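Engineer: predicted structure and sequence below. I'll ask about it afterward.
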Amino acid sequence: MNYTLNQLRIFLKIAQTRSITKTAEEFHLTQPAVSIQLKNFQQQFDIPLVEVINKRIFITDFGKEIAAAAENILNEVHAINYKTLAYKGQLSGRLTISVVSTGKYVIPYFLSSFLKMHPGVELELDVTNKNKVVESLQNNEVDFALVSVLPHNMKLDCIELMQNKLVLVGNPDAPIEGQAKPDFLESVSLLYREEGSATRQTMEKFVQNNGLSVRRKIVLTSNEAVKQAVIAGLGYSIMPLIGLRNEILNGQLKIIPMRGLPLKSQWNLIRLSDKKHSPVTQAYADYLEYEKNHIIAENFGWLENF
């Protein structure tokens, strides 16, 4: 057999996602390039690794065994790299963080300097909705989770990072001057995130607390999709301000003042308190406690002007 580590990585990701498209996106490759790697890897074995039924990929039992073996091999390779760096006296290891979708506008600023200081640290960052983020932490699949709504019934260590503001936005043609009343939302289409999103939960709570009846609800599965739909004039949405700066400044979106808004919450980086944390995890927690105020002042002062 003559397979490569790259083939192992690609096949493992295919087994995890059951998707050529998602694997290609993950590795910044074209779909044909991933398909070729899968084909070359399959040629090492006489038994099928995958089956394609109605254009969907299914991993065979044998393929699942190979995927598990691939994961073990790749973990051993990581261990060799980490031990080499540790022997040189450098901080090394893997840092895994699951982030709610809007958190992608926040967390890079709290990682940049830390990763530059410690080149032996390998980052794995997963961006998804709140339910999946909490589930990843609960299942001990990640070191940290970034959330704006704290989960219940979990023993957590919590690092408060910064305030999160949610505002009502429409496109520039929205026929509103001055402050709108909450019942304005009954006469327009509202754009929501999918079930499991903290942004959706916050928006639904605002609608419920004001006794509103929504005329039309449109559901989209990412903040970027909601933002583009608002820009296109499909409706209005209550969204985290952190991801709207450029669109507001260039006139693609406008904030609509409304009684009870903006809604405010707190970005928190959380980890399981009863878990034995690695040196990398502890070093990152210490770094944040020391540096977070400087990072916020340097990168997020503009939030106070909206």
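Structural biologist: Nice, I can see it.
Engineer: mind jotting down where the strands sit in the stretch 151-300 of the chain?
Structural biologist: 156-170, 189-192, 216-219, 237-240, 254-255, 263-272 (DSSP state E, counting those that start in this stretch).
Engineer: identify whichever of those strands lies nearest to residue 288.
Structural biologist: The closest of these to residue 288 is strand 156-170. By Cβ to Cβ, the value is 5.3 Å. Every C-beta, even on glycine, is put in place using the N, C-alpha and C of the backbone.
Engineer: in the sheet, which strands lie alongside the closest one, parallel or antiparallel?
Structural biologist: strand 237-240 (antiparallel), strand 254-255 (antiparallel), strand 263-272 (antiparallel) (DSSP bridges).
Engineer: could I get the full set of helices for the stretch 151-300 of the chain?
Structural biologist: 198-209, 223-231, 245-249, 279-299 (DSSP state H, counting those that start in this stretch).
Engineer: and stretch 248-263, what's buried?
Structural biologist: Neighbour counts over stretch 248-263 (16 or more other Cβ atoms under 10 Å) mark 252-256, 258, 261-263 as buried.
Engineer: so how far is residue 237 from the residue sitting nearest the centre point of the chain?
Structural biologist: The structure's the chain has its C-alpha centroid closest to residue 127; by Cα atoms, centre = their mean the separation is 1.7 Å. Distance, residue 127 to residue 237, using Cβ to Cβ, to the nearest Å: 19 Å.
Engineer: for residue 40, same thing?
Structural biologist: Relative to residue 237, residue 40 is positioned 45 Å away (Cβ to Cβ).
Engineer: who has more neighbours, the two?
Structural biologist: residue 237 (26 against 14; other Cβ atoms under 10 Å).
Engineer: quick check: the more buried one touching residue 226?
Structural biologist: Yes - applying Cβ atoms under 8 Å, one finds residue 237 in contact with residue 226, separated by 5.3 Å.
Engineer: list residues touching both of the two?
Structural biologist: Contact criterion Cβ atoms under 8 Å, 6 or more residues apart in numbering; residues shared by residue 237 and residue 226: 191-192.
Engineer: for residue 91, grab phi and psi.
Structural biologist: phi -70, psi 130 (degrees, to the nearest 10).
Engineer: wait, what's in contact with the spatially closest residue to it that is not a sequence neighbour?
Structural biologist: Spatial nearest neighbour of residue 91, excluding adjacent residues (Cβ to Cβ, 6 or more residues apart in numbering): residue 118 at 4.5 Å. Going by Cβ under 8 Å, 6+ apart, residue 118 touches 90-92, 280, 283.
Engineer: and the gap between residue 118 and residue 271?
Structural biologist: Here the criterion is Cβ to Cβ. By it, residue 118 lies 18 Å from residue 271.
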